[in-house]
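Colleague: Here is the input, now give the coordinates:
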Amino acid sequence: MTRKSIWILVVTSILLSANPSFATPSQMHDTSRRLYDRVMEEFKHRDYEAALAGFRLFIELHGQSALAANAQYWIGECQYRMGKYKDALNSFYNVVSYYPLSPKLAASTLKIGQAYTKLGDHEKARMMFDRVVDQYPDSSEAELARKAIEVTANKSEPIPQ
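Modeller: Residues are numbered from 1 along each chain as shown. Sure, this is the predicted structure:
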């Protein structure tokens, strides 16, 4: 899909959002899904700036969508991959705070711990990794958190002389 296609989707989304009486719920869902999928393509192609802008637009236009929590998560992921760890922290905390039923809770909590690690706050990182293990013990995120705890523990142990 070209940049022109993106803007066609954006304009369509804006028009449908501005006057929902023109769109059926099915059309709104189709439009939001197409926009979300297109922005995910930007992310997959590692165009994090474009993806970040696209996910922000998605939330602005489709904040009540079932995909809004995912879009918020991906905003944080874009920021994290761009090295904007403080911004990423806020975005992942937004998932946890505003979307308590999101399937992205475990992933967001793990990413909060990873962002704290990047920022050098190993105590807060450890707290978040522990939370992932405690609250989502059978998840793939819990396995990653266990490994992160192990790495953190190894770093804090004194080096034998």
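Colleague: what about I149, which helix or strand?
Modeller: helix 140-156 (DSSP states H and E).
Colleague: Residue ranges in this protein under the pLDDT threshold?
Modeller: 1-29, 155-161 (pLDDT under 70).
Colleague: Can you tell me what sits against the helix holding I149?
Modeller: Defining contact as C-beta atoms under 8 Å, 6 or more residues apart in numbering, one finds that helix 140-156 is touched by 106-107, 109-110, 113-114, 117, 122, 125-126, 128-130, 132-133, 136. All C-beta atoms are positioned from the backbone trio N, CA, C, and that covers glycine.
Colleague: for this protein, which residue is closest to the average position?
Modeller: Y73 (1.5 Å; C-alpha atoms, centre = their mean).
Colleague: Could you look up the SS state of that residue?
Modeller: helix (DSSP: H, G, I helix; E, B strand; the rest coil).
Colleague: now do S102
Modeller: Under three-state DSSP, S102 comes out as coil.
Colleague: Kindly list the longest helix within this protein.
Modeller: helix 25-44 (DSSP state H).
Colleague: residues of the helix or strand just after it that come out buried?
Modeller: Past helix 25-44, further along toward the C-terminus, the next helix or strand under DSSP H and E is helix 48-62. Neighbour counts over helix 48-62 (16 or more other C-beta atoms under 10 Å) mark 48, 50-59, 61-62 as buried.
Colleague: before we move on, what about stretch 112-131?
Modeller: Neighbour-count burial for stretch 112-131 [16+ other C-beta under 10 Å]: 112-117, 121, 124-126, 128-129, 131.
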